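> This is a predicted model, with the sequence first.
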Amino acid sequence: MPIEKVAVVGCGLMGSGIAQVAAQSGCQVTVREVSQPLLDKGLQSIEKNLQRLVDKGTLAAAERDQVRARLRGTTNLEDLKDSDLVIEAIIEQLPAKRELWTALDKICPKPTIFASNTSSLSITEMAMFTQRPDRFLGLHFFNPVPVMKLVEVIRTIATDPKVDEAAVALAARFGKTPVRTTDRTGFIVNRLLVPYLLDAVRALEEGVGSIEDIDNSMKLGCGHPMGPLTLLDFVGHDTTYYIANIMFDEFKDRRFAPPPLLKRMVAMGWNGRKAGRGFYDYSDPAKPKPLQFT
Ligand code: 3HC
């Protein structure tokens, strides 16, 4: 089941990263966005990342040119019809995913494998939007995609083991370490990460420590690259809140219940780094300043 032609739907933070690593691995990549300005923005971010690698000397300029040549952008879904694999990385809303998968199921021939990069929605439910649940699975990447080494390969009870195998091989070709998991909300990483992040907010709410002290504790005491509140700002409070609610709905377990402070920060739009404000103020992105919450 060779995979050479990869389509990526969505060229935001995750989609652009996936398209980049796929093109760097030697695959022919078509990345699709809904509008030309969004597509241009995503392609520019890939270009910036590749240039950074060239500047650092980890990618030769000639290789960068080859990666560019393997990558094309489109706003037309029909352009994905020749793909061996389609990876979806669009907005985390089931109705939008339903519309996309229903359309792609008509456009792409039967052998094309479909994969979703969802972090929280049900792969099984999405597979049932198509006539090919046996060729449908999850491929969950981590932010920033070019840096993070893990890919969760998520099978449903209907996924053909050969499709699972092909996805595992592809993730390895992308330079990632694949882990196999089943379609349970949160998979492995978010199942463990989300309660940890929510607990950090609870610790802050209870006055266990300041923002900086909570972050430094986990950085310096446990060797994490980022403290949990910095990581929440990095992932986005809205994203984490959304995932936590879906997980709470699935497991009905308090560990996944978003704490009141997080809910209120989301209501304020203080969603972290991308909003310029979360647990830290990012007016100077190079020097985030912890904020006070009373
Ligand atoms: N794109 C590409 N490369 C990037 C990058 C980006 N957005 N951000 C950083 N890098 C590269 C830098 O160029 C640098 O490369 P080099 O070592 O070759 O010079 C390297 O990553 C380290 O970057 P920095 O020196 O600027 O900064 P740090 O050492 O602090 O590393 C970090 C930044 C890699 C983001 C690190 O802090 C980290 O690993 N943080 C944790 C990230 C994490 O946990 N991600 C998972 C989030 S959960 C998720 O995605 C799941 C979802 O479902 C919610």
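Okay, I see it. The structure presented is a predicted model; accordingly, all values stated were derived computationally and were not measured.

> could you say which helix or strand contains residue 49?
Assigned by DSSP states H and E, residue 49 belongs to helix 36-56.

> Show me what the helix or strand following that helix is packed against.
Where DSSP H and E defines the elements, the next helix or strand beyond helix 36-56 is helix 61-70. The contact analysis (3 or more CB pairs under 8 Å, 6 or more residues apart in numbering; DSSP states H and E) places helix 61-70 against helix 13-24, helix 36-56. Every C-beta, even on glycine, is put in place using the N, C-alpha and C of the backbone.

> ok, so what distance separates residue 114 from residue 101?
Applying CB to CB, to the nearest Å, the value for residue 114 to residue 101 is 7 Å.

> what sits in contact with each of the two?
Residues touching both residue 114 and residue 101 by CB atoms under 8 Å, 6 or more residues apart in numbering: 88, 130.

> show me what contacts the closest residue to residue 51 other than its chain neighbours?
In space, and not counting its chain neighbours, residue 51 is closest to residue 64: 7.5 Å by CB to CB, 6 or more residues apart in numbering. By CB under 8 Å, 6+ apart, the residues touching residue 64 are 50, 51, 53, 54.

> which one among those residues gets closest to the ligand?
Nearest to the ligand out of those is residue 53 (CB to the nearest ligand atom; 7.8 Å).

> does any bit of stretch 70-90 sit next to the ligand?
No. Stretch 70-90 lies out of reach of the ligand by CB under 6 Å from any ligand atom, never closer than 11.0 Å.

> Tell me which residues of that stretch come out buried.
Buried residues in stretch 70-90, counting neighbours by 16 or more other CB atoms under 10 Å, are found at 70-71, 73-74, 77, 79-81, 83-90.

> Number of residues surrounding residue 264?
12 (other CB atoms under 10 Å).

> Any buried residues in whichever strand or helix holds it, and which?
Here residue 264 is covered by helix 260-268, with elements defined by DSSP H and E. Using 16+ other CB under 10 Å as the test for burial, helix 260-268 gives 262, 263, 265, 266.

> Could you identify the helix or strand that succeeds it?
That would be, after helix 260-268 and using DSSP H and E, strand 280-281.

> so what secondary structure elements neighbour that next one?
By 3+ CB pairs under 8 Å, 6+ apart, strand 280-281 packs against helix 228-235, strand 289-290.

> got a list of contacts for that strand?
The contact list for strand 280-281 (CB under 8 Å, 6+ apart) reads 211, 229, 230, 233, 273, 288, 289, 290, 291.
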